[in-house]
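Asker: need a structure here:
(one chain, ligands or ions: 2)
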Amino acid sequence: MQDQIKRMLVINPGSTSTKIGVFDNDSSVFEKTLRHDTDEIKKFKTIFDQYEFRKNAILETLDAEGINISKLSAVVGRGGLLRPIPGGTYAVNKEMIEDLKVGYAGQHASNLGGILAYEIASGLNIPSFIVDPVVVDELAPIARVTGFPQIDKTSIFHALNQKAVARRVSKKLGKKYEDLNLIVTHMGGGVSVGAHEKGRVIDVNNALHGEGPFSPERAGTVPAGDLIDMCFSGEYYREEIMSMLVGEGGLVGYLGTNDAVKVEKMIEAGDEKAKLVYDAMGYQIAKEIGTASAVLKGKVDAIILTGGLAYGKAFVNDISSYVNWIADVIIEPGEDELQALAEGALRVLRGEEEAKNYSIDELNTTTVK
Ligand SMILES: Nc1ncnc2c1ncn2[C@@H]1O[C@H](COP(=O)(O)OP(=O)(O)O)[C@@H](O)[C@H]1O
Ligand SMILES: CCCC(=O)OP(=O)(O)O
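Answerer: Ligands and ions are numbered 1, 2, ... in the order given. Got it, this is the predicted structure:
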């Protein structure tokens, strides 16, 4: 018997874009990336303040494309900074919405994924889901120890795309994800480098709050003592410092743009500062890959470079030149997050998997402040 078609709206809010898709079962029938300039995003004080702006952008786009949302079976969004949870598909519920609204583990555009999915779905009386949110936590116990007893390491990264790309590459290599050791490097608005040991991300930099390489809009690791001095200088509010680290750090801080394509044009036009900063971003990413290779004790089957920045040919060649002695470097530009979100929701809609319940009482929250 032929499967009844499940039409899903998929929403992926990133720091520099909102990506949307409409899927009939696992086939994409429409996809669009709505890019948001730094100046446009800077107008909003909090991530939640962007809700109306992003919702209108989504609904206007669907309307312009003649897509009738009343035919949807579900809405699925990228999950945000919740409490640490295992991977999987979760039904969006009120407890989750509360954590997303305040940003339980911090502020990031993905917090809006669940909220947008829930609000659009509620109006249509259909279910809403999130899949493999950025707080998926599979860290090895040894990776949690920071050296500063007051603070544990937190797992915040591009879990959805890292897992989806790792599975796709494993398949291409004719192996099971669970049998391989991979270093997956997602390079988008934020950059995360995950050490995947036999299907588990046992170590990864916190791609949001100042750990690891700098990125188009984040500072990455900065010298702690100097940062403390700045914080207590009396010159800045907390939010100002946080913005310098997340949103206005990295390429934005040095060059005033989160757009690597613009930076490449600046370099072509002879801008030496742009070249130094862009090279430094690649250098820092390569160093983080080196760290992950030590985590895996050198037993690395492949290094994967993915995310928007992986479209930059010179950029990935540069990173590759530092790390290709560790293992083969495989380039998977862009991301597969819309497809992965649709597939996660579809498994539940088809009854192949049960949606997980986000229940604060049942969650271990000890690893998050
Ligand atoms: N063709 C390209 N060449 C180089 N960089 C690119 C290209 N396309 C997109 N990018 C860069 O990738 C970054 C965004 O990556 P993306 O994965 O879309 O981010 P996010 O999902 O975090 O918003 C931006 O800096 C963008 O300029
Ligand atoms: C919060 C970790 C995921 C992340 O950094 O996503 P973007 O690159 O889309 O900002």
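Asker: Close to ligand 1: what parts of this structure are there?
Answerer: Contact residues, the chain versus ligand 1 (C-beta under 6 Å from any ligand atom): 14-17, 188-189, 216, 258-261, 307-309, 311-312, 335. Glycine gets a C-beta too; all of them are placed from N, C-alpha and C.
Asker: So which of these belong to strands?
Answerer: S17, G307 (DSSP state E).
Asker: Emit the PyMOL select command for whichever of the residues of the chain next to ligand 1 are buried.
Answerer: To isolate the buried members of these in PyMOL, using 16 or more other C-beta atoms under 10 Å:
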select buried, resi 14+15+16+17+188+189+216+258+259+260+307+308+309+312+335
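Asker: Among the residues of the chain next to ligand 1, which ones lie close to ligand 2?
Answerer: With C-beta under 6 Å from any ligand atom as the criterion, these include G14, S15, G188, G189 near ligand 2.
Asker: Would you mind giving those as CSV with pLDDT and distance to G174 added?
Answerer: Shown next, in CSV, are these (pLDDT from 0 to 100; distance: C-beta to C-beta, whole Å):
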residue, pLDDT, distance to G174
G14, 86, 32
S15, 79, 35
G188, 94, 28
G189, 92, 33
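Asker: Tabulate these (CSV), appending distance to I285.
Answerer: Below are those laid out as CSV (distance: C-beta to C-beta, whole Å):
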residue, distance to I285
G14, 18
S15, 17
G188, 12
G189, 14
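Asker: Could you find the closest non-adjacent residue to I289?
Answerer: Excluding its sequence neighbours, the residue lying closest to I289 (C-beta to C-beta, 6 or more residues apart in numbering) is V323, at 4.7 Å.
Asker: from memory Y311 sits against P333, does it?
Answerer: Yes - counting by C-beta atoms under 8 Å, P333 is a contact partner of Y311 at 4.5 Å.
Asker: residues in contact with the residue of the stretch 151-300 of the chain found nearest ligand 2?
Answerer: In the stretch 151-300 of the chain, the residue that lies nearest ligand 2 is G190 (2.5 Å; C-beta to the nearest ligand atom). Residues near G190 by C-beta atoms under 8 Å, 6 or more residues apart in numbering: S15, H158, A207, L208, S215, E217, R218.
Asker: Show the contacting residues for the third one.
Answerer: It stands for A207. V134, I156, F157, H158, H186, G190, V191, S192, S215, R218.
Asker: Could you do the first one as well?
Answerer: Residues in contact with S15 (C-beta under 8 Å, 6+ apart) are I41, H108, A109, G188, G189, G190, E217, G247, N258.
Asker: related to what we said a few turns ago, quick check on the contacts of G190: which are buried?
Answerer: Buried members of the contacts of G190, counted by 16+ other C-beta under 10 Å: S15, H158, A207, L208, S215, E217, R218.
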